[in-house]
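Asker: Any chance you could fold what I've pasted below:
(one chain, ligands or ions: 1)
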Amino acid sequence: LEQRVKELHQLLNEYGHAYYVLDKPVVPDSEYDALMQELIDLEERHPDLIMPDSPTQRIGGAVLPGFSKVVHDTPMLSLSNVFNEEDIREFDRRVRADAGDVTYVCELKIDGLAISLKYENGRFKQGSTRGDGTVGEDITTNLRTIRAIPLKLTEDVTIEARGEAYMPKKSFMTLNEHREEEGLDVFANPRNAAAGSLRQLDPKIAAKRNLSVFMYGIGGEGAAYGLDAHSEALDYLDRLGFRTNPERRRCKDIDEVIAYIESWQDRRQDLSYEIDGIVIKVDSFSRQEDLGFTAKSPRWATAYKFPA
Ligand SMILES: COc1nc2nc(N)nc(N)c2nc1C
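Answerer: Modelled structure (predicted):
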C-alpha cells in the first residue's frame, strides 16, 4: 500500500512537472486524472498515508483569517526602467565604466506579480508577495495551488527562488467571461486578475484561477550554490524543478540586446502570457558585485519597457 502511494507520488510529480513546468505532457490528461483519483481514494481510506508534499495536498482546507507578514531575508528590489535605444546605450556605458566589457542576459518581463518561494531541504515551506520590498504577505496556501510551483525539489537544498506569478491570457479571458455572466466586475488586465487571485483568503478560489509562474533568480548570494553567473542560476533552477522562461538569451554586447528587444516588439502578442518589457542583466556575479545597488535597484540590471 505505502509502495503504491510512493509510486503514485513519483508518477504524478513526474507527469505534473512535464505538463505544468515543461509544457510537454507525457501522458494524456485522462491518465493523469485517473492516477490522481486513485491517490485521493487511497488517502481517504488511509489518512495515515497522507504526506504534506503529496500532489493531493495542493489545495489547503481552511479559509485564512488574513495574511501574516513575511520579512524578506534580502530585500526584493525594483528595477530601473529604460524606454528607448538611447537609454539602453546609456545603461551599457555606465555598466562598462565600472565593470568593463560584460555579457548580458535578456529575459522577458512577465506582467504579473513578484513572489518569493522558500524551500528547506528541498521542500516548499513558505511563499510570499514582494510587498514593499522588505515585508511581504505570506500567501503560501495560495501558491501551493499553482501546479507550476514544485512542492518538492529534485535536490534537498535550502534555497529561496524568486519569480513572477501570472495569469495566462486565455485564463484571463475565460475568467472575465464567467464574471460577466455572473454580473461580477471584470478584471482590467491579467496582472490585476493574478494579484486578485493570490489575495484570496480561500485557497479553493486561487486553485481555480489557472495561475502559473516563471522563476527568474535565487534570493541571496547565487555564489553560495557554486554559481558564477545569472545564466547558470537559471539553469540550476531548471534542474531543481522550477519553471523558468525559455526565451531568455545571453547577449555578448548591447547591440545584441537591442536586436533581441526589437525582435520582441511585435512577436510578444503571440505569447500565451502578457509581458510589459525586457529585463537586461549583467550575467557575471562578480561583475554584478562591482556594480552593486542604488537605494532601491540593482545597478547591474534594468528593464526596457515597451510603449504602452
Ligand atoms: C534582479 O531583480 C529582478 N529581476 C527580474 N527579472 C525578471 N525577469 N523580471 C523581473 N520582474 C525582475 N525583477 C527584479 C527586481
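Asker: In contact with the closest residue to G163 other than its chain neighbours, which residues?
Answerer: With sequence-adjacent residues excluded and distances taken as CB to CB, 6 or more residues apart in numbering, G163 is closest to M215, at 3.4 Å. Every C-beta, even on glycine, is put in place using the N, C-alpha and C of the backbone. Taking CB atoms under 8 Å, 6 or more residues apart in numbering, we find M215 in contact with 117, 161-163, 237, 242-244.
Asker: Which of the residues you listed fall within helices?
Answerer: Among the contacts of M215, the ones falling in helices (DSSP state H) are L237.
Asker: and of the contacts of M215, the nearest to Q37?
Answerer: R243 (25.0 Å; CB to CB).
Asker: what residues does the stretch 101-250 of the chain put near the ligand?
Answerer: With the criterion set to CB under 6 Å from any ligand atom, the stretch 101-250 of the chain comes near the ligand through 107, 109, 164, 216-217.
Asker: what about the stretch 1-150 of the chain, any weak spots by pLDDT?
Answerer: The stretch 1-150 of the chain contains no residues with pLDDT under 70.
Asker: Would you map the helices across it?
Answerer: 2-16, 29-45, 85-99, 140-144 (DSSP state H, counting those that start in this stretch).
Asker: any idea which of these is most buried?
Answerer: helix 140-144 (a mean of 23; mean count of other CB atoms under 10 Å).
Asker: For it, name the packing helices and strands.
Answerer: The contact analysis (3 or more CB pairs under 8 Å, 6 or more residues apart in numbering; DSSP states H and E) places helix 140-144 against strand 123-129, helix 190-198, helix 203-207.
Asker: give me that answer again for 10 Å
Answerer: With contacts taken as 3 or more CB pairs under 10 Å, 6 or more residues apart in numbering; DSSP states H and E, helix 140-144 sits against strand 113-120, strand 123-129, helix 190-198, helix 203-207.
Asker: Contact partners for D87?
Answerer: 80-81, 302, 304-305 (CB atoms under 10 Å, 6 or more residues apart in numbering).
Asker: of these, buried ones?
Answerer: 302, 304-305 (16 or more other CB atoms under 10 Å).
Asker: possible to save those residues as a markdown table with secondary structure?
Answerer: Rendered in a markdown table, the data for the buried ones among the contacts of D87 read as follows (DSSP: H, G, I helix; E, B strand; the rest coil):
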| residue | secondary structure |
| --- | --- |
| T302 | strand |
| Y304 | strand |
| K305 | strand |
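Asker: Stretch 132-149: which residues count as buried?
Answerer: For stretch 132-149, burial by neighbour count (16+ other CB under 10 Å) applies to 136-149.
Asker: If you could redo that for stretch 71-83, that was the one I meant.
Answerer: Buried, per 16+ other CB under 10 Å, within stretch 71-83: 72, 76-77, 79, 82.
Asker: what's the answer for stretch 213-232, then?
Answerer: Using 16+ other CB under 10 Å as the test for burial, stretch 213-232 gives 213-219, 222, 227, 229-232.
Asker: and which of these is nearest to the ligand?
Answerer: Y216 (3.8 Å; CB to the nearest ligand atom).
Asker: show me the contacts for the closest one.
Answerer: Y216 neighbours (CB under 10 Å, 6+ apart): 105, 107-110, 114, 161-164, 230, 233-234, 237, 242, 244-245, 248, 279, 281.
Asker: 8 Å - rerun?
Answerer: Taking CB under 8 Å, 6+ apart, one finds 107, 162-164, 234, 244-245, 279 in contact with Y216.
Asker: Can I get the helix or strand it falls within as PDB, trimmed to CA atoms?
Answerer: Using DSSP states H and E, Y216 sits in strand 212-218. What follows is strand 212-218 as a C-alpha-only set of coordinates in PDB (Å, rounded to 0.1, in the frame of the first residue of the first chain):
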ATOM      1  CA  SER A 212       1.400  29.900 -13.400                       C
ATOM      2  CA  VAL A 213       4.900  31.200 -12.700                       C
ATOM      3  CA  PHE A 214       8.300  31.900 -14.300                       C
ATOM      4  CA  MET A 215      11.100  31.900 -11.800                       C
ATOM      5  CA  TYR A 216      14.000  34.400 -12.500                       C
ATOM      6  CA  GLY A 217      16.500  34.300  -9.800                       C
ATOM      7  CA  ILE A 218      17.900  33.000  -6.500                       C
END
